[in-house]
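**Q** could you work out the structure for the sequence below:
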Amino acid sequence: MMVQAAVRLGIPMITLDKEHSPASQVSNPISIDSQHATEFKHQIGSFNSVEDIEKLSKLVDIITIEIEHVNVSILK
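**A** Residues are numbered from 1 along each chain as shown. As a prediction, this is how the structure comes out:
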C-alpha cells in the first residue's frame with residue numbers, strides 16, 4: 001500500500017475511502033469537508049462519488065489511484 005511507504009518516508013498524503021478502510025488505519029480519519037490540513041489524512045468518502053473526488057482535488061496537487069476498478073469518467 002502506497003500510504004504505508006509514504007508514512008515511513010514522511011511524505012504527506014491524503015487518502016479517500018470509507019471510514020474503516022485499510023488506508024484509514026494508517027491515516028488520520030477526518031471529514032471530507034475539513035479544511036484543517038494534517039500531514040497524513042484520510043478523507044471519509046467514496047472514490048465513486050464525483051462530489052468527493054472534486055473536494056479531494058481541491059486539497060491536493062496530484063491524485064493517484066491504487067485500486068483496480070475505477071470509473072475514470074469521474075476523474076476527467
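
**Q** tell me the secondary structure for the residue most central in space within the chain?
**A** For the chain, the residue sitting closest to the mean C-alpha position, by CA atoms, centre = their mean, is residue 15 at 2.0 Å. Using DSSP: H, G, I helix; E, B strand; the rest coil, the structure places residue 15 in strand.

**Q** may I see the buried residues of stretch 66-76?
**A** Within stretch 66-76, no residue counts as buried by 16 or more other CB atoms under 10 Å. Placement of C-beta: from N, CA and C, glycine included.

**Q** dump that stretch to CSV, keeping only the CA atoms.
**A** Output of stretch 66-76 as CSV, limited to C-alpha atoms (Å, rounded to 0.1, in the frame of the first residue of the first chain):
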residue,chain,number,x,y,z
GLU,A,66,-4.4,2.4,-6.0
ILE,A,67,-7.4,0.2,-6.9
GLU,A,68,-8.2,-1.9,-9.9
HIS,A,69,-11.7,-0.9,-10.7
VAL,A,70,-12.1,2.9,-11.2
ASN,A,71,-14.7,4.9,-13.0
VAL,A,72,-12.2,7.0,-15.0
SER,A,73,-15.0,9.3,-16.3
ILE,A,74,-15.2,10.8,-12.8
LEU,A,75,-11.6,11.8,-13.0
LYS,A,76,-12.0,13.9,-16.2
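
**Q** ok, then the element right after the helix-or-strand element of the chain with minimal mean pLDDT?
**A** Sorting the helices and strands of the chain by mean pLDDT, DSSP states H and E puts strand 28-31 at the bottom, at a mean of 50. Remark: after strand 28-31, the chain's next helix or strand is strand 40-44, criterion DSSP states H and E.

**Q** using CSV, list the CA coordinates for that next one.
**A** Output of strand 40-44 as CSV, limited to C-alpha atoms (Å, rounded to 0.1, in the frame of the first residue of the first chain):
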residue,chain,number,x,y,z
PHE,A,40,-1.4,12.3,6.9
LYS,A,41,-5.2,12.4,6.4
HIS,A,42,-7.9,10.0,5.5
GLN,A,43,-10.9,11.7,3.8
ILE,A,44,-14.0,9.8,4.6
